[in-house]
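Colleague: structure of the sequence below:
(one chain, ligands or ions: 2)
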Amino acid sequence: VERAVLLRYHEIALKGANRGWFEERLAINARRLIERKVGKDTALEVARERGRVIIAGVEWTDAVRDALEHVFGVTSFSPMRTVPTDKQALKDAAIEELKRRLAEPGRPAPRTFRIFTRRSDKALPETSMELDREIGSAVQAAAPHLAVDLEDPELTIGIELHHESSYLWTEKIPGPGGLPVGTNGHLLCLLSGGLDSPVAAIQLLKRGAATSFLHFYGAPFVGAEVLEKVEDLARIVGRFQPEPRPLYVVPFGKIQEKIALATNPKLRTVIYRRMMFRIASALAREIEAQALVTGESLGQVASQTIENIATIDAVASLPVFRPLIGFDKDEIIDLARGWGTFETAIRPGVDCCTLFADRHPSLRTSEMSVEEQEKLFPVDELVREALASVERRRL
Ligand code: ATP
Ligand code: MG
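Modeller: Ligands and ions are numbered 1, 2, ... in the order given. The predicted structure follows:
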């Protein structure tokens, strides 16, 4: 069985003075995400070597594969078996792997192959190319119908040479790409329970930002199924980060009711969202998040016109990241399916933004008109109340 995994990443993104730090973060994240899946394992060892991360002492299972598919920064990975650093042993192992691969049911047999050796030091006297050729000839002698193809082989047998024992791989599984989580700060994602916001959160986790979550809960005007759904979504998104981060829940239904009783229905949605941004900005400062994230997309709904986004943005005291601003719904749906949030996001559960909302909300609000309305209810007091009643949930 395979007892090691090779992780590859884009070296270009990690060049320069920070490289060691990025690599270390990647290695730590991989270890934590594996341990979260399979439990703590003292045999597990993570080493950084020449632009690669090698995890040793881990048994290759679907759970490990799933964990690694959630490690941002990883472009691809390969399960590996350990082989003594000895030419004959390497040849035997390469042939064995080839035979195993040829015997695998339901997969077309490869017709072309290559050996791809990398060596960390002078573990063997030969150069990588000499070894490729020598081990390649041995493999070909054992399977004469196979042709060598160095450009685009159907099977690559990879060898990572080390002093005492070396590693051999034949599979290359795509990773999620991006940058290791924790290399780009900490964000607070406004998570609604819809399709867009979980995707927005994951797109920025992909750029290396750790994410906490905030939900404005419309109870008693929306049911508990909404909160359950939001928690489930936060958990799915949370699988991409090595440290679990909480979901903050702000009771928002009563606030919305007060706003609805006092204000012009056509401006309500924008006013709710300004309240959300005020509360979110204050909470972000408290928990040391550096920016807010939303799932908005230009023109998708009435509150997402340029004018309304500007009116809403005006009260945020931190940068607001909207990674989906230029995406179509279809594209967002594809992303949601890819990241695994789709099925949960489409579960029934109405968002609180639609509470007491007008059927034809104003598409072009101005700050002035909204500020007039905000004189009709105690904005600061409601923000303070909301912050005082925030509930922190561990996921
Ligand atoms: P989503 O699919 O994420 O629900 P949406 O297309 O329904 O987005 P809106 O309902 O206008 O659009 O919400 C825009 C964004 O505002 C959401 O993506 C989310 O980031 C934030 N948001 C909306 N409602 C809530 C809520 N109840 N709690 C937290 N954030 C919210
Ligand atoms: Mg929504």
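
Colleague: could you list the residues of this structure in contact with ligand 1?
Modeller: 190-192, 194-197, 214-216, 294-296, 300-301, 303, 351-353 (C-beta under 6 Å from any ligand atom). All C-beta spots, glycine's among them, are computed from the backbone N, C-alpha and C.

Colleague: what is the neighbour count of residue 183?
Modeller: 22 (other C-beta atoms under 10 Å).

Colleague: so what's the residue in the stretch 1-150 of the chain positioned nearest to ligand 1 up against?
Modeller: The minimum distance from the stretch 1-150 of the chain to ligand 1, using C-beta to the nearest ligand atom, falls at residue 72 (20.5 Å). Shown in contact with residue 72 (C-beta atoms under 8 Å, 6 or more residues apart in numbering): 29, 176-181, 205-206, 208, 240.

Colleague: check residue 110 too.
Modeller: 101-102, 146, 153-155.

Colleague: how about a cut-off of 6 Å?
Modeller: Contact analysis of residue 110 by C-beta atoms under 6 Å, 6 or more residues apart in numbering lists 154-155.

Colleague: picking that back up, of the contacts of residue 72, just say which sits nearest to ligand 2.
Modeller: Using C-beta to the ion, residue 205 comes nearest to ligand 2 of the contacts of residue 72, at 19.9 Å.

Colleague: which residues are in contact with the closest one?
Modeller: Residues near residue 205 by C-beta under 6 Å, 6+ apart: 181, 211, 240.

Colleague: the second one is in contact with residue 189, isn't it?
Modeller: Yes. Contact between residue 211 and residue 189 holds when scored by C-beta atoms under 6 Å: they sit 5.0 Å apart.

Colleague: find the residues that touch each one of the two.
Modeller: In terms of C-beta under 6 Å, 6+ apart, residue 211 and residue 189 are both contacted by the residues residue 201.

Colleague: which of those two has more residues huddled nearby?
Modeller: Counted by other C-beta under 10 Å, residue 211 and residue 189 do not tie: residue 189 has more neighbours, with 30 against 24.

Colleague: picking that back up, and the residues of the chain next to ligand 1 near ligand 2, which?
Modeller: Near ligand 2, judged by C-beta under 5 Å from the ion, the entries from the residues of the chain next to ligand 1 are 192, 194, 351.

Colleague: residue 390: which of those residues is nearest?
Modeller: For those, the closest approach to residue 390 (C-beta to C-beta) belongs to residue 192, at 16.6 Å.

Colleague: next, that closest one: phi, psi?
Modeller: Per-residue torsions, residue 192: phi -100, psi -20 (degrees, to the nearest 10).

Colleague: okay, now the unreliable bits of the chain?
Modeller: 1-2, 11-15, 352-353 (pLDDT under 70).

Colleague: returning to what we had before: which of the residues of the chain next to ligand 1 fall in helices?
Modeller: Residues of those located in helices (DSSP state H): 196-197.

Colleague: which among the residues of the chain next to ligand 1 end up buried?
Modeller: 190-192, 194-197, 214-216, 294-296, 300, 303, 351-353 (16 or more other C-beta atoms under 10 Å).

Colleague: so which of these belong to strands?
Modeller: Among these, DSSP state E puts 190, 214-216 in strands.
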